[in-house]
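Engineer: turn this into a model:
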Amino acid sequence: MKVGYLGPKGTFSYEACIEYCKKSEEKIEYKTILDTILALENNEVDEAIVPIENSLQGCVTDAIDTLIQNEDIKVKGEILLEIKQNLMSNKKCNLEDIKTVYSHPQALAQCKKFLETKMQFAETVPVESTAGAAKKVSESNEICACIGNISCLNEYNLNLIQANIQDNMFNKTKFWILSKNDSKNIIENKMSLIFSVKDKPGALYNVLEIFNKYNLNLTKIESRPAKTVLGEYIFWIDVSIENRNEEKVIKEIKEKGIFVRVLGKY
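Structural biologist: All right, here's what the predicted structure looks like:
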């Protein structure tokens, strides 16, 4: 089986992929989240692993927006990964010697306090991934640094300047395992779905009251632009389905003439 992930090696997506995959499974890296999901859509891989939500930065919009547009792809599982950010350089040096720091925008945001108080003299440069930042630093002739996964240390022959520089020590990222096939898990206790309603008073309430009617606990609700006209939105919901009433909910929503699509049960 082939599994796609956001590369290169050393990203947190790669770490999640390693945690999920068996040794026999082929792991294929892609440059962006969009490329990773489209590789699954185009049957280049059997499954894909993408970050979907961070406990500090919220929804990964590239991932959820791409999934909204690709109806064949389903969520078959999730992985929670503790995120520890580390400052690594291409040469042995002190903090004040570093004039440029590369990383993914979310990683830079997660280390904002450290960067503002300890490295206010350095320029921060966003790049496509934390591992991409590590690769860029390893190839530079100038003293520079990156922020990312500790696995980048050996992968790109870097020097650890300071470990665990993230502002919040409870930083976690949720990754979704995507497939074109439904989950075959014996135990499914969560469902993710999207729906849209017309822009009128009480429209959202009329949907949410159905979940309350069948005693289903919503664990997340977020809106994304429908990308049709200004003011129209698609709502993404995660819901606990331990009481097995989810099919009644879906049926009742559809009976109201409301668009709804289950992203997956897992």
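
Engineer: next, count neighbours for L193.
Structural biologist: Using other Cβ atoms under 10 Å, L193 has 20 neighbouring residues. C-beta coordinates here come from the backbone N, C-alpha and C atoms, glycine included.

Engineer: so the residue nearest the centre of the chain: helix, strand or coil?
Structural biologist: For the chain, the residue nearest the mean C-alpha position is P51 (1.8 Å; Cα atoms, centre = their mean). Three-state assignment for P51 (DSSP: H, G, I helix; E, B strand; the rest coil): strand.

Engineer: could you do E78 as well?
Structural biologist: Applying three-state DSSP: E78 is strand.

Engineer: what's the answer for the one 10 residues further on, then?
Structural biologist: For M88, the secondary-structure state derived from three-state DSSP is strand.

Engineer: check contacts around the residue nearest to the centre of the chain.
Structural biologist: L6, F12, S13, A16, I33, V60, A63, T173, K174, F175 (Cβ atoms under 8 Å, 6 or more residues apart in numbering).

Engineer: what distance do you get for it to L6?
Structural biologist: Using Cβ to Cβ, to the nearest Å, we find P51 at a distance of 7 Å from L6.

Engineer: what is in contact with these two at once?
Structural biologist: Contact criterion Cβ under 8 Å, 6+ apart; residues shared by P51 and L6: S13, I33.

Engineer: make JSON lines out of the contacts of P51 and add pLDDT.
Structural biologist: Formatted as JSON lines, the contacts of P51 follow (pLDDT from 0 to 100):
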{"residue": "L6", "pLDDT": "88"}
{"residue": "F12", "pLDDT": "89"}
{"residue": "S13", "pLDDT": "90"}
{"residue": "A16", "pLDDT": "94"}
{"residue": "I33", "pLDDT": "91"}
{"residue": "V60", "pLDDT": "90"}
{"residue": "A63", "pLDDT": "93"}
{"residue": "T173", "pLDDT": "91"}
{"residue": "K174", "pLDDT": "96"}
{"residue": "F175", "pLDDT": "97"}
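
Engineer: where do the strands of the stretch 101-250 of the chain begin and end?
Structural biologist: Using DSSP state E, counting those that start in this stretch, the strands of the stretch 101-250 of the chain run over 123-126, 145-148, 159-162, 172-179, 190-196, 218-225, 233-240.

Engineer: tabulate those (CSV), appending distance to Y20.
Structural biologist: As requested, these are exported to CSV (distance: least, Cβ to Cβ, whole Å):
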stretch, distance to Y20
strand 123-126, 27
strand 145-148, 20
strand 159-162, 26
strand 172-179, 6
strand 190-196, 17
strand 218-225, 22
strand 233-240, 19
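
Engineer: so which of the ones you listed is the most packed in?
Structural biologist: Most buried of these, by mean neighbour count (mean count of other Cβ atoms under 10 Å): strand 145-148, with a mean of 30.

Engineer: and for that strand, what's in contact with it?
Structural biologist: Identification of contacts with strand 145-148 by Cβ under 8 Å, 6+ apart yields 10-11, 85-90, 98, 100-104, 107-108, 111, 122, 130-131, 133-134, 136-137, 152, 158, 161, 165.

Engineer: quick one: mean pLDDT over it.
Structural biologist: Mean pLDDT, strand 145-148: 97.

Engineer: so where is the stretch 51-200 of the chain shaky, pLDDT-wise?
Structural biologist: Counting by pLDDT under 70, the stretch 51-200 of the chain shows low-confidence ranges at 183-186.

Engineer: ok, now with 80
Structural biologist: Within the stretch 51-200 of the chain, the stretches with pLDDT under 80 are 56-57, 182-187.

Engineer: do a quick rundown of the helices in it.
Structural biologist: All helices of the stretch 51-200 of the chain, identified by DSSP state H, counting those that start in this stretch, fall at 61-69, 105-110, 112-118, 130-138, 152-155.

Engineer: for L263, find the nearest of those helices.
Structural biologist: Set against L263 and scored by Cβ to Cβ, those come closest in helix 61-69, at 6.5 Å.

Engineer: compare the strands of the stretch 101-250 of the chain and give me the one nearest L80.
Structural biologist: strand 172-179 (5.6 Å).
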